[in-house]
Each structure stands twice: as structure tokens, then as C-alpha cells.
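The amino acid sequence is not available; the structure is as follows:
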Ligand SMILES: Nc1ncnc2c1ncn2[C@@H]1O[C@H](COP(=O)(O)OP(=O)(O)OP(=O)(O)O)[C@@H](O)[C@H]1O
């Protein structure tokens, strides 16, 4: 059992609060991402779960056991951080074996478990190599093998892919998901990259200034943001205050403070509002138009064949059925 539960967690650096009253559950075998901008408290939360930072208040429970005050080395938690921190003078095999040697695991079992872990991450052929002779992606996989070989109750990954180039990051993202599924291990994952969180997670927790702003499945947070902050983070680039949108829409959502539309939802070339093209940008798949309008600035995508030039006037529609109704948190 490796169900993680954080109850009313308060975390501080000296007197400065970093995380306030955080309540979070990660089910057995679930992959939950903490997503949010720099400084919102993701790493601080991870450090507390790992046992590297003592909470100022609240409790951390893992598999039904209160681990709030348990030393880090007795928590049975695997860590993978942005810097892989491999031992440069040890082979892949010995890097992965390190934690087992510390635990005085017998030789035959150690060989079997290291062999299994290397197989899971696809590095069996690289057992004898030193880290310096591995690619960035391979080194990151060694770090992952080293974390899973101890069969942790929980795996914490903090921006594990951010040192890799874009292509490798995509490959490793898929690999991570496969490995997580294959092992059924409970994972808490930190990222500030929404695409990564959407692709990997069973559930996404969006943090803002030390608090949870919204949580849900990837589909929920992407398609149904609840606040302007989440909408902005999820690529809803047109966020208008409720006073600026047509009356009928406001009436159907009386509590909304803002409404948002994705750029692909805006219809150009017809509609009740007119705007002037401030910028027209080619983006491969489509053109992006930035319009100045009485409603404010509006971003819209159109097919690459669209002819409107910068400076021209055109009309547009913000379809009410494609709007997200938002409320300030
Ligand atoms: N060692 C520290 N001492 C004092 N304040 C810290 C320390 N580490 C982080 N903080 C502060 O705590 C808050 C949360 O930081 P944290 O590192 O958890 O954010 P984060 O969401 O992980 O950001 P990033 O994506 O940049 O890593 C920030 O205001 C940060 O400045």
C-alpha cells in the first residue's frame, strides 16, 4: 500500500511561508503532477514528502503510516531530480546497485534486481559504462533505475526531464509513463511544463503561490479551467472580464468574473465585433492573428491561406458555447 496523503501541510523557510494548508491525496499506483510557475512551492512540497524539510504544521501519511517525523532514509521513497547526481567513478551497474549495497542485499539478489531495473529502463547493454560515456537521456534513465531498484513505496520526480533536449524529453516522457504503468508505482511528479503534465498524469494539481488552485484529470484542467490563473496556464489566451462579454453569456454564468476562449475557438471573418490586425504570425500549422478590439486584445488562429494583412480590419466571433466561465480564486 502506498497511498500518500498530505493534510493541512504548512511549510516555511525561516519565517517565510512557502506552502500553506496543502491538502493532497495520491492513490496507490497513481501518477499525480504538481504543475505551476516558478516559486509556487512544488519543490518545497516534494522536499517535505522526501523528509528533507520538516513541516511547520500538518501531517504526511504514506500507506496509512504517519511519516511526518520519520527520517528521510526510513521513508522508503525513491527520488529522481533534475540533476542526476550519478557517481562519476562508478559504472551504470554500480550506480544502480548503490542503494542495495547500503541495505546489505545479498549478491545474487542484488544482481537480479539491478538486472531487472536496467531492463525496465532499457539499459541492460550499458551496465559496464561510466556515466561520462552515456548520453543525457541514458544518464537520466540510470537515475531512474537507481530510484526504482529499491522498490520504493513512492517515487518522487522533480523536473526529471528538464536537462534533456526537446526530442529526448518527448521520448523519455513516453518511457516514464510506460515504466510507471509497468511497475504500478505511485508517483508524484513536479513540472512547470503543462504539455508534460497533460501527457503523463492521471491527475494534475495546479499550484499558485503555495496553495492548490485547481486539481483534476488532464482533460478537466485543460478543458474546464476554473480560474483565470489556470486558464492562462493552460493556454486559454483570451481572458476577458465578465463586464466585456455579451449579456446572454453573463446571464447563464452569473457568478463568473471572467470568460476565456482558446485561440482556435475564435471565428474570424464574421461576427458582431470588429478588430484591427496588430500582428500576423506564421506558425506552421496555422496563422496566429493578434487583434485590437473594443473587447480588448484577442488572439485567434486561422488557416494559413487566410489573407488579412497587418493593419486591416475584420470582424470576429467569440462563440459562447466554446467559452470557459471563470471565477477569481
Ligand atoms: N532554501 C530556501 N530558502 C528560502 N526560501 C526558499 C528556499 N527554497 C525555496 N524558497 C522559496 O519558497 C518558495 C517556493 O519555492 P519552490 O522551490 O518550492 O518553488 P517551485 O515551485 O519548485 O519553483 P521552481 O519551478 O522554480 O523550482 C519560493 O518563494 C522560494 O523563493
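The structure has been received and is ready for your questions. Quick caveat, the model's predicted, so the values are computed rather than measured.

check contacts around the residue of the stretch 101-250 of the chain found nearest the ligand.
Here the residue of the stretch 101-250 of the chain nearest the ligand is residue 192; by CB to the nearest ligand atom that distance is 4.9 Å. Where you see a C-beta, it was placed from the backbone N, CA and C, and this is true even at glycine. Shown in contact with residue 192 (CB atoms under 8 Å, 6 or more residues apart in numbering): 35, 36, 37, 38, 42, 159.

what's the closest non-adjacent residue to the second one?
Closest residue to residue 36 apart from its sequence neighbours, by CB to CB, 6 or more residues apart in numbering: residue 207 at 3.7 Å.

Where does the prediction get shaky in this structure?
Within the chain, the segments meeting pLDDT under 70 span 1, 84.

Specify the residue ranges that define each domain of it.
As given by automatic domain parsing, the domain ranges for the chain are 4-227, 229-326.

most neighbours per residue, which of those?
Most buried of these, by mean neighbour count (mean count of other CB atoms under 10 Å): domain 4-227, with a mean of 18.

related to what we said a few turns ago, which of the contacts of residue 192 come close to the ligand?
On the criterion CB under 6 Å from any ligand atom, 36, 38, 42 are the entries of the contacts of residue 192 that sit beside the ligand.

now residue 311: how far from the ligand?
To the ligand, residue 311 is 40 Å away according to CB to the nearest ligand atom, to the nearest Å.

dump the residue contacts of that residue.
276, 277.

The one 5 residues further on too?
Residues touching residue 316, when contacts are defined by CB under 8 Å, 6+ apart, comprise 266-271, 273-275, 291, 293, 298, 300.

From the ones next to the ligand among the contacts of residue 192, pick the one nearest residue 248.
Closest approach between these and residue 248, by CB to CB: residue 36, at 34.2 Å.

these two touch, right, that closest one and residue 204?
No. With contact defined as CB atoms under 8 Å, residue 36 does not reach residue 204; the gap is 10.0 Å.

Relative to residue 95, how far out is residue 36?
31 Å (CB to CB, to the nearest Å).

Spell out which helix or strand contains the nearest residue in space to residue 274 that is not next to it in sequence, please.
Nearest residue to residue 274 in three dimensions, chain neighbours excluded: residue 315, at 4.9 Å (CB to CB, 6+ apart). When elements are defined using DSSP states H and E, residue 315 is found to belong to strand 313-317.

From the chain's centroid, how far away is that strand?
Centroid displacement of strand 313-317 relative to its chain, using CA atoms, centre = their mean, to the nearest Å, is 36 Å.

How about the helix or strand containing residue 213 and the ligand, any contact?
Per DSSP H and E, residue 213 falls inside strand 211-216. No. Counting by CB under 6 Å from any ligand atom, the ligand is not contacted by strand 211-216; separation bottoms out at 11.4 Å.

And the strands in the stretch 101-250 of the chain?
Counting by DSSP state E, counting those that start in this stretch, the segments of the stretch 101-250 of the chain that form strands are 154-158, 186-191, 203-208, 211-216, 238-241.

contacting residues around the third one?
Outside of strand 203-208, the residues within contact range by CB under 8 Å, 6+ apart are 24, 30-37, 40-42, 45, 197-198, 212-218, 221, 229-230, 233, 329.

mind listing what that strand pairs with, with the direction of each?
Here strand 203-208 has these sheet partners by DSSP bridges: strand 31-35 (parallel), strand 211-216 (antiparallel).

any chance of these in CSV, with distance to residue 62 too?
What follows is those, written out as CSV (distance: least, CB to CB, whole Å):
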stretch, distance to residue 62
strand 31-35, 14
strand 211-216, 19
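
These: which one's closest to residue 73?
strand 31-35 (23.3 Å).

Report the angle between that closest one and strand 154-158.
Inter-element angle recorded for strand 31-35 and strand 154-158: 30 degrees (by axes from the mean of the first three to the mean of the last three CA atoms, to 10 degrees).
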